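1. What follows is a predicted structure for the sequence shown.
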Amino acid sequence: MSDRSRDHVLRSLRAATAGMTPVALPERSFTGVRFADVEAQFAKSVAEVGGRCIFAEDAALESTLLQLPAYAAAKRVLSRVPGLARANVERAELRAPRETWNIDFCVLPGELGVAENGAVWVVEAGFSHRAAWFLAEHMALVVPARKLVHNMHEAYERIELGSAGFATFVSGPSKTADIEQSLVIGAQGPRSCTVLVTRGPA
Amino acid sequence: MEHPEHVKHPEHVEHPDRAAAFVANGERLQWHDKSLWFVREKRDRASGVIPEWEELRALAAGIKAHTLSRLADYLEAFEAKATALGAHVHFARDAEEHNRIVHELLARRGITRVVKSKSMLTEQCGLNHHLEAHGIEVIDTDLGERIVQLRHEPPSHIVMPAIHLKKEEIGDLFHDALGGAQGISDPKALTEMARGHLRDKLLGAQAGITGVNFAVAETGGFVVCTNEGNADLGTALPRLHIACMGVEKIIPRAKDLGVFLRLLARSATGQPVTAYSSHFHGPRQGGELHIVIVDHGRSTILGREHYRRTLQCIRCGACMNTCPVYRRSGGHSYGVTVPGPLGAVLAPHVDPAKHRSLPFASTLCGSCTDVCPVKIDLHEQLLLWRGDLGRQKLVPLKKRMASRVAGWILVRTWAYLLLGSIARWFIPKLPKALAQHRWNDWGRQRELPPAPKETFRELYAKRRRTSGKAK
Ligand code: SF4
């Protein structure tokens, strides 16, 4: 039955395009917008989408985070960035995704950051409780400065898709403007999104 | 396809009649118009900062046109890759089959509580009603969608489903439906109320249904864009994820996502990108992923050479925000799931008689075409439909006669000039009772403009004479 539908749909689509002159797949002929100062533009974009961007030394990660009242006050902290003393939620203790509902702060590594829109690429890679990323009250993303790119075209040149899993571009905190177009931060997911751009020791 | 004049179409309601109540409330009309224009201006600013915006649009249109020419091949490639990643791919010929597939997936697992993230396709298929009729609770999780769901009405816009409602109305609704305090109208407080309510529903859901913004043939995965993170929560919590997509959602390569993600949110809301652009490749650990690919009339449109470009649409809603008729008549006046210029060119494919008034709900100003990120020639499609519907005798006799008379005059310069001078003499003397007579649809809501002393022609000729002398 479902095979019949499959064939029917594909056959209808083929019949519909049978007489069509072939259309070539175009290639991009431009590089995409580029910025004189990619770091400054990234920080500006993050602020524009309702987030906050802080530059920090690799070693000063935790002390930088502690400047955030939400982090300082957080009781349950889940981190996928190693070495944070306040991280106290063990992955092993979370058996089902919904057990992540009471996490106050979630820290995730970002694979790259995009200057044109403040988006950070976050990959699941084996960790099944991605519900925590969205249920946590607050979120921080950690991206090395050398992993900032100018635009989305560059981002996709560096990203590897296709291996099983979930990955997302996060651009600022969860938000909505569904009520009279007034922007409200903290719709269903995190109420804040801080991006820490780190520079390793020279 | 001939529809004789005397055939009555029972469910048929003309766009102007549906719009009447909305138009009657002048204050609300102004407010609605301004709200949408505000979004349109945000779109202008967001696209203006991208120097290569026009090249980007051309590239997107080219990629989509190519994909449409080989749609079946790309779908097969997608199916193979997605299956290899552990997803189950289903094909549905129409809405009924789509609904049946989704219901069976749920019923077989004994599922009775489902959360959904916004999807125009499932809306179009009437999925909620179908599932609810089988005793399954369906909660729309997008805030705007949830608001209209609680009001038991359809969305009035494809991106901003509750754009037609004032915050006080939403406050009243939340008071009645969610037990909120009375008299709350602050958007922040209302959103907070919805946050608590929706999180409860998300935590208790047994399955999550999402739409698909882009499916990638090359990788077998797909992308869902939201600002609230509701698609992410709705698929990370329950074990079962069902993604529903129209056949036209496919794009060839992963790198094409760079093109479309740059266009989508900027065109839709003026944001540089949505808060979450989530890429799903295969089911989550210990979970199940089913992808339902739906035709539901799309192959018919694909087969119509002059109309097939409408399938390039990425559902950004920009054409609605800019349309002077949409802004002043409201989304519900179209009587279809997808309103505005896009809806007006899609709906007649399904039932030309029923939706015959929609292609006339346009000034043909071309603004929709100008903002469309994938360069669909919307205003030309609208004009095309007017001709086609006229030939099918689906245009009301009065309108057809008027067009015929106008057409006869416009091709005869002498008749046009003569009528013009008669009108300039005659119109200022026209009694109001006649100009705004109930038989004159156009005049009813309008004051007559003062007639110009000189015609454009006369002015032009005079200018030519004077500038000629100067040389
Ligand atoms: S037709 Fe164009 S402008 Fe309208 S929703 Fe589709 S992509 Fe957007």
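-> Looks like it arrived, so ask away.

2. Pull out the CA atoms of stretch B:327-335 and give them to me as PDB.
-> Presented in PDB, the C-alpha positions along stretch B:327-335 are these (Å, rounded to 0.1, in the frame of the first residue of the first chain):
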ATOM      1  CA  ARG B 327      -2.900  44.100   5.300                       C
ATOM      2  CA  ARG B 328      -6.400  45.700   5.000                       C
ATOM      3  CA  SER B 329      -8.500  42.600   4.800                       C
ATOM      4  CA  GLY B 330      -6.900  40.200   7.300                       C
ATOM      5  CA  GLY B 331      -5.800  36.600   6.700                       C
ATOM      6  CA  HIS B 332      -9.100  35.000   7.500                       C
ATOM      7  CA  SER B 333     -10.800  36.800   4.600                       C
ATOM      8  CA  TYR B 334      -9.100  34.400   2.200                       C
ATOM      9  CA  GLY B 335     -10.800  31.400   3.600                       C
END
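
3. Which secondary structure state is assigned to residue 161?
-> I'll assume chain A. Taking DSSP: H, G, I helix; E, B strand; the rest coil as the rule, one finds A:Leu161 in the coil state.

4. sorry, should have said chain B
-> B:Pro161 ends up coil, using three-state DSSP.

5. Show the residue spans covered by the helices in chain A.
-> When secondary structure is read from DSSP state H, chain A shows helices at A:2-17, A:38-48, A:61-66, A:69-73, A:131-135, A:152-158.

6. Turn these into TSV, including mean pLDDT and distance to chain B.
-> Heads up, the C-betas are built off the backbone N, CA and C, glycines and all. As requested, these are arranged in TSV below (pLDDT from 0 to 100; distance: least, Cβ to the nearest Cβ, whole Å):
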stretch	mean pLDDT	distance to chain B
helix A:2-17	94	4
helix A:38-48	98	6
helix A:61-66	95	21
helix A:69-73	97	16
helix A:131-135	92	4
helix A:152-158	97	4
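
7. and among the ones you listed, the most buried is which?
-> Relative to the other members of the helices of chain A, helix A:131-135 carries the highest mean neighbour count by mean count of other Cβ atoms under 10 Å in any protein chain shown, namely a mean of 27.

8. From the contact counts, what lies against that helix?
-> strand A:105-109, helix B:230-236 (3 or more Cβ pairs under 8 Å, 6 or more residues apart in numbering or on different chains; DSSP states H and E).

9. and if we set it to 6 Å?
-> helix B:230-236 (3 or more Cβ pairs under 6 Å, 6 or more residues apart in numbering or on different chains; DSSP states H and E).

10. quick one: contacts of the helix it packs on?
-> With contact meaning Cβ atoms under 6 Å, 6 or more residues apart in numbering or on different chains, helix B:230-236 is reached by A:97, A:130-131, A:134, A:188, B:115, B:117, B:141-142, B:202, B:208, B:210, B:224, B:241, B:276, B:278.

11. Also stretch B:18-28?
-> Under the criterion Cβ under 6 Å, 6+ apart, external residues in contact with stretch B:18-28 comprise B:329-330, B:333, B:335.

12. before we move on, the earlier item: return the closest of the contacts of helix B:230-236 with respect to B:Leu417.
-> The shortest distance between B:Leu417 and any of the contacts of helix B:230-236, using Cβ to Cβ, involves B:Asp142 and amounts to 56.0 Å.

13. ok, back up a step: could the helices of chain A be laid out in a markdown table, adding distance to the ligand?
-> Rendered in a markdown table, the data for the helices of chain A read as follows (distance: least, Cβ to the nearest ligand atom, whole Å):
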| stretch | distance to the ligand |
| --- | --- |
| helix A:2-17 | 20 |
| helix A:38-48 | 23 |
| helix A:61-66 | 40 |
| helix A:69-73 | 37 |
| helix A:131-135 | 27 |
| helix A:152-158 | 18 |
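
14. Backbone dihedrals for the most centrally placed residue in chain B, both of them.
-> If you average the C-alpha coordinates of chain B and look for the closest C-alpha using Cα atoms, centre = their mean, you land on B:Val338, 3.9 Å from that point. Note on B:Val338: backbone dihedrals following degrees, to the nearest 10 are phi -100, psi 110.

15. mind listing what it touches?
-> For B:Val338, the contacting residues are B:158, B:346, taking Cβ under 6 Å, 6+ apart as the criterion.

16. hmm, back to that, ok, which pair from the contacts of helix B:230-236 is furthest apart?
-> With Cβ to Cβ as the measure, no two of the contacts of helix B:230-236 lie farther apart than A:Pro97 and B:Asp142, at 20.3 Å.

17. These two: which is more packed in?
-> Neighbour totals were compared for A:Pro97 and B:Asp142, and B:Asp142 leads with 29 against 25 (other Cβ atoms under 10 Å in any protein chain shown).

18. Do I have it right that the more buried one meets B:Lys116?
-> No: here B:Asp142 does not reach B:Lys116: they are 8.4 Å apart, not a contact under Cβ atoms under 6 Å.

19. now B:Thr455, nearest residue through space, not along the chain?
-> Setting aside the residues directly before and after it, B:Thr455 is nearest to B:Gly420 in space (Cβ to Cβ, 6 or more residues apart in numbering or on different chains), at 6.0 Å.

20. that's a helix at that neighbour, yeah?
-> Yes: B:Gly420: assigned to a helix according to three-state DSSP.

21. For the ligand, see how far away it is.
-> If you measure B:Gly420 against the ligand using Cβ to the nearest ligand atom, to the nearest Å, the figure is 37 Å.

22. which regions of the stretch 1-150 of chain B lie under the pLDDT threshold?
-> Counting by pLDDT under 70, the stretch 1-150 of chain B shows low-confidence ranges at B:1-11.

23. hang on, B:Ala46 packs against B:Ala268?
-> No: in this structure B:Ala46 lies outside contact range of B:Ala268 using Cβ under 6 Å: 9.5 Å.

24. higher neighbour count, those two?
-> When B:Ala46 and B:Ala268 are compared on other Cβ under 10 Å, the one with more neighbours turns out to be B:Ala268, at 25 against 20.

25. quick one, what contacts the closest residue to the more buried one other than its chain neighbours?
-> Distances taken as Cβ to Cβ, 6+ apart put B:Cys316 closest to B:Ala268, at 4.2 Å, once the chain neighbours are dropped. With contact taken as Cβ under 6 Å, 6+ apart, B:Cys316 is in contact with B:264, B:267-268, B:373.

26. how much space between B:Cys316 and the ligand?
-> Per Cβ to the nearest ligand atom, B:Cys316 is found 4 Å from the ligand.

27. And that residue, its phi and psi?
-> In this entry, B:Cys316 is assigned phi and psi values of phi -90, psi -20 (degrees, to the nearest 10).

28. can you count the residues close to B:Phe280?
-> Residues near B:Phe280, counting by other Cβ under 10 Å, number 29.

29. The helix or strand it falls within close to chain A?
-> Following DSSP states H and E, one finds B:Phe280 within strand B:276-281. Yes: using Cβ under 6 Å from any Cβ of the partner chain, a contact is recorded between strand B:276-281 and chain A, made by B:276-279, B:281.

30. List of residues touching that strand?
-> Counting contacts by Cβ under 6 Å, 6+ apart, the residues outside strand B:276-281 that touch it are A:164-165, A:167-169, B:85, B:221-226, B:229, B:232, B:261.

31. Out of the residues you listed, flag the one nearest to B:Met245.
-> The nearest one, if we look at the contacts of strand B:276-281 relative to B:Met245 and count by Cβ to Cβ, is B:Phe222, at 7.0 Å.
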